[in-house]
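Asker: Give the three-dimensional model of this entry:
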Amino acid sequence: QVQLEESGGGAVQPGGSLTLTCAAPPFTLTYYTMAWFRQAPGKERERVGCISNSDGTTYYAASVKGRFTISRDNAKNTVYLQMNSLKPEDTAIYYCNVRKLGTAYWGQGTQVTVSS
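Answerer: Numbers count the residues shown, from 1 in each chain. Got it, this is the predicted structure:
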């Protein structure tokens, strides 16, 4: 069983920034590719991006590329989602995700609201 914990969400104005954090004590995230997803009201959950466990290679959805950055600190067993130049359409619940032995695990999510 893996329990992921997201934090760092909140309300921000367009153009602002937020950094989300994902931790999973005592589970070790170091050995796994980690992903961030989001789900806006009335929409399907979509993958924002992911970061590999091997060399830190990242992938981003076209809608966030150049604005969002995923990183990991293996010493702290933590994964981050740095979000810059936020837009109203980035408003969603953001989830951390890991797949272990074919099973996907999710956190409870953290709300991000971008509004003036």
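Asker: So what sits opposite the residue lying closest to N97 once chain neighbours are set aside in the bridge?
Answerer: Distances taken as Cβ to Cβ, 6 or more residues apart in numbering place A35 nearest to N97, at 4.4 Å, with adjacent residues excluded. Just so you know, the C-beta spots here come from the backbone N, C-alpha and C atoms, and that holds for glycine as well. Beta-bridge partners recorded for A35 (DSSP bridges): C50, N97.
Asker: Make 892 the starting number, not 1.
Answerer: Yep, numbering from 892; the last one is A926 now.
Asker: For A926, the count of nearby residues, please.
Answerer: By the criterion of other Cβ atoms under 10 Å, A926 has 21 neighbours.
Asker: Tell me how far C987 lies from G993.
Answerer: 18 Å (Cβ to Cβ, to the nearest Å).
Asker: Next: L909.
Answerer: L909 is 32 Å from G993, by Cβ to Cβ.
Asker: more crowded one of the two?
Answerer: A side-by-side neighbour count of L909 and G993, using other Cβ under 10 Å, places L909 first with 20 against 5.
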